[in-house]
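K.L.:
Just to be clear, the model below is a prediction. Sequence and coordinates:
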Amino acid sequence: MESIMKLAAELGQEIKKAPCITKMNEAKEKYDKDEQLQQMMFEYNAQQIALAEEYKKDPVDQKVVEAIEARLNDIVASVMASPAFVELNEVQKEVNELMEAVNGEIEFQITGKRPCSHDCHSCGSDCGHHH
């Protein structure tokens, strides 16, 4: 087990050197330093709490719920349009693809079978995955 953990640590250090990891760290820093974006996230959390509190009331004021939900929708739209969010989201996809490829290779080395891709081309439809 110790040798496996040593290899895992070495693999982690190599993955850390991947360009997409560097890009993700840079994008995360931009995201964290974007004051307007962080204010929106703070407000989003506050609105979520307000909504939860409103749902605890008996009776629930539907107009208040609708107003909070509308504001939440506006915040989500603004966050999703934010360049810092878009960049972080895009690079996170790259990191996820890398990690899926690494995990797939590990699985292949253990089982001798390639894991199913989304379209099952890599497994010849022998994975049991149904579309």
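P.N.:
Looks like it arrived, so ask away. Residues are numbered from 1 along each chain as shown.
K.L.:
Please save the CA atoms from whichever strand or helix holds residue 65 in CSV.
P.N.:
Taking DSSP states H and E as the definition, residue 65 sits inside helix 62-81. What follows is helix 62-81 as a C-alpha-only set of coordinates in CSV (Å, rounded to 0.1, in the frame of the first residue of the first chain):
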residue,chain,number,x,y,z
GLN,A,62,-45.9,34.1,-2.4
LYS,A,63,-45.1,37.7,-3.6
VAL,A,64,-42.0,37.7,-1.4
VAL,A,65,-41.0,34.3,-2.7
GLU,A,66,-41.4,35.4,-6.3
ALA,A,67,-39.4,38.6,-5.7
ILE,A,68,-36.6,36.7,-4.1
GLU,A,69,-36.6,34.0,-6.8
ALA,A,70,-36.5,36.8,-9.5
ARG,A,71,-33.5,38.4,-7.8
LEU,A,72,-31.8,35.0,-7.5
ASN,A,73,-32.3,34.4,-11.2
ASP,A,74,-30.9,37.9,-12.0
ILE,A,75,-27.8,37.2,-9.9
VAL,A,76,-27.3,33.8,-11.5
ALA,A,77,-27.5,35.3,-14.9
SER,A,78,-25.0,38.0,-14.0
VAL,A,79,-22.6,35.5,-12.4
MET,A,80,-22.7,33.2,-15.4
ALA,A,81,-22.0,36.1,-17.7
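K.L.:
Spatially nearest residue to residue 86 (excluding sequence neighbours)?
P.N.:
Among residues not flanking residue 86 along the chain, residue 80 sits closest, at 7.5 Å (CB to CB, 6 or more residues apart in numbering). For the C-beta atoms, the positions are set from N, CA and C on the backbone; glycine is no exception.
K.L.:
can you count the residues close to the one you found?
P.N.:
For residue 80, the neighbour count with other CB atoms under 10 Å is 10.
K.L.:
and the helix holding residue 65, average pLDDT?
P.N.:
Averaged across helix 62-81, pLDDT comes to 97.
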